[in-house]
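> can you look at this prediction? I've put the sequence above it.
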Amino acid sequence: MRMTQRKLNGIYFSIWIALTLTVVIILKVATPIFNNLLTDLNLDYQFDPTLAIQMSVVLLLLSLLIFSTIWSIRNRIWKGKESIKSYFLILKIRKELILASYSDDQNVTEKVVRLPKIKIKFDDKQLNTGRLIIRDSVEFHEKLEKATFTPALKGFKVETVYQSDDGDWFIFDFYATDSQNQDVFTELSSFLDWSNQTTNQYQIRFDGRLSADLKHILLVGATRTGKTYGLIGLLLQMINKSTTYHLYFADPKNDQLRKIGNWVDPKKTAVTTEELIKLIEQVYQRLIEREKEMEKATATRMTGDYRDVKLEPIFLVFDEFSSFINVLESKEKKQVLGHLTAVVQRGAGAGVFLLLIMQKSDATTLPTAIRSNLLLKIVLGNATTTTYSTAFESSSDVPIFRFGKGQGVYLDDTMSKPKLFSFPYLKFIDAFDGGSNDPALLWQKNSSDQQALNSEL
Ligand SMILES: Nc1ncnc2c1ncn2[C@@H]1O[C@H](COP(=O)(O)OP(=O)(O)O)[C@@H](O)[C@H]1O
Ligand SMILES: [Mg+2]
């Protein structure tokens, strides 16, 4: 049977260890016999094995040390659980690759089998999602293109396959089948720390693996799937960034978002149809102003956007958009949709963004001109095929799952297929709801610093 270089190395190493051990044992056992023989022969010489044994033992320990160091570095042992999991998964995949004869056919005469290089990287500490990365080659390209690794990755399912930017590697995104564990935060400060781990002041963290630059967002889901709750997490991140976010709150259902808006900025909060129309008009005017500002600020630049000229983000968040748009007169509707279209088509570079929340995203409530510019689309809950197909413009390839609150799938402008998604569980909100704390406190900038300060005092 042909072997991999790794196995061969393992065998060489074992032989080496066995040899040194044998030498030690022989020295120990054979010396007295040998010395007795010398005495019997009346020779005035005795062999002292101490030094030889000591040297062999040192050699043995040194080999073991070097081996385990190399092994630890190779398997990135400092990553703990992750490295062990990766190690066994890779072992399994290597075995399956050999079985599926992914070895080089050309050099069958050689004793050693060469396998493509394999890496596994997890996105989060819970090991919920990650990537299997396999070196592409002329030799294996066709096979890898058609390969399915779900059976080899026990406990994980492959979501998407694509090639690395340099085209040298195949990347298989996977998620744990028993996972769908949500991140849970009992403190605002730990939630913000989690966010800051992967984001700068112009980025938002959505879940364990998804962090993104600010962009227009569509959030779809049936009632009580966790849309508003998810939005709360995004807003908390925004108001606690070092840059000021100018937030506009539209809440036609007169619900949580109105309350939050009133705590953050009552003047930028709208509930009635009239107020909402005005609010959209206001945001549109800011876009026009912003475009002028941008023009001035970028006069001497060829590239760059609002971030490069230190302008602050403006965000219109619209909960339950359908219940607003569907009651409008056609003239008002035209005006509103015109403004919103302008925002999504021209706003991104200028730092003016729209986040739309709705239960369904059919073309009658949301014109394609707007929807196609909402670059990040999240669908929460167990949605219908129609919901997926209108939100994503194709329903195929949505991972099948039973979604809990705040869970679903997302698709952004860089992806071809939707992936699993899960808004975190913000336990500290419960302490405000029905607790003795005033929820308004949560919505002050850096309130987590203040909380920490308060608890220190
Ligand atoms: N990510 C989440 N983690 C834990 N519980 C959640 C989450 N999202 C929603 N919930 C629970 O579900 C309830 C309904 O969520 P909500 O955001 O109001 O739904 P929607 O806005 O889609 O109608 C919330 O009050 C909360 O108790
Ligand atoms: Mg809601």
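Yes, it's here. Numbers count the residues shown, from 1 in each chain. Ligands and ions are numbered 1, 2, ... in the order given.
> enumerate every residue touching the residue of the stretch 101-250 of the chain found nearest ligand 1.
Residue nearest to ligand 1 within the stretch 101-250 of the chain: G226 (2.7 Å; C-beta to the nearest ligand atom). For the C-beta atoms, the positions are set from N, CA and C on the backbone; glycine is no exception. Applying C-beta atoms under 8 Å, 6 or more residues apart in numbering to G226 gives the contacts L380, G381, K405, G406, Q407, F423.
> contacting residues around the second one?
If I follow you right, that is G381. Residues in contact with G381 (C-beta under 8 Å, 6+ apart) are G221, A222, T225, G226, F403, Q407, G408.
> ok, now how distant is K146 from Q163?
Using C-beta to C-beta, to the nearest Å, K146 is found at 14 Å from Q163.
> okay, the two: which has more neighbours?
For K146 versus Q163, neighbours defined as other C-beta atoms under 10 Å are more numerous around Q163 (14 against 8).
> with adjacent residues omitted, what lies nearest to the more buried one?
Spatial nearest neighbour of Q163, chain neighbours left out: F170 (6.0 Å); criterion: C-beta to C-beta, 6 or more residues apart in numbering.
> hang on, the earlier thing: most neighbours among the contacts of G226, which one is it?
Top of those by neighbour count (other C-beta under 10 Å): L380, with 27 neighbours.
> close to ligand 1: what parts of the stretch 201-350 of the chain are there?
Neighbours of ligand 1 within the stretch 201-350 of the chain, by C-beta under 6 Å from any ligand atom: G221, T223, R224, T225, G226, K227, T228, Y229.
> tell me the one of the residues you listed nearest I325?
Among these, K227 lies closest to I325 (C-beta to C-beta), at 16.2 Å.
> was I right about the closest one contacting L380?
Yes: using C-beta atoms under 8 Å, K227 is in contact with L380, at 6.0 Å.
> who touches both of those two?
With C-beta under 8 Å, 6+ apart as the test, K227 and L380 both reach L219, V220, G221.
> could you identify the most distant pair in the residues of the stretch 201-350 of the chain next to ligand 1?
T223 and Y229 (12.2 Å).
> which one's more surrounded, these two?
Just comparing T223 and Y229: by other C-beta under 10 Å the higher neighbour count belongs to Y229, 18 against 8.
> gap between that one and I15?
Distance, Y229 to I15, by C-beta to C-beta: 61 Å.
> buried stuff in the helix or strand encompassing T69?
Remark: T69 resides in helix 50-74, with elements defined by DSSP states H and E. Neighbour counts over helix 50-74 (16 or more other C-beta atoms under 10 Å) mark I53, S56, L60 as buried.
> how many neighbours does K333 have?
Should you count by other C-beta under 10 Å, K333 turns out to have 15 residues around it.
> what do you get for F206?
Residues contacting F206 under the criterion other C-beta under 10 Å number 24.
> got it, and I429?
Using other C-beta under 10 Å: I429 sits among 18 other residues.
> where in the stretch 351-457 of the chain is pLDDT low?
By pLDDT under 70, the low-scoring segments of the stretch 351-457 of the chain are 395-396, 400, 434-436, 446-457.
> which residues of it lie near ligand 1?
Within reach of ligand 1 by C-beta under 6 Å from any ligand atom, the stretch 351-457 of the chain has these residues: K405, G406, F423, Y425.
> can you give me the helices for the chain?
Along the chain, the stretches classed as helices by DSSP state H are 5-40, 50-74, 81-99, 141-146, 188-198, 227-239, 256-264, 273-297, 321-325, 330-350, 368-371, 385-392, 427-432, 447-456.
> ok, of those helices, where does mean pLDDT dip lowest?
When the helices of the chain are compared on mean pLDDT, helix 447-456 scores lowest, with a mean of 54.
> just to revisit the earlier point, would TSV of the helices of the chain with distance to I118 be doable?
Output for the helices of the chain, formatted as TSV (distance: least, C-beta to C-beta, whole Å):
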stretch	distance to I118
helix 5-40	11
helix 50-74	12
helix 81-99	5
helix 141-146	11
helix 188-198	25
helix 227-239	35
helix 256-264	47
helix 273-297	47
helix 321-325	46
helix 330-350	38
helix 368-371	40
helix 385-392	31
helix 427-432	38
helix 447-456	41
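> nearest to K157 among those would be which one?
Across these, K157 has its closest neighbour in helix 81-99 (13.0 Å, C-beta to C-beta).
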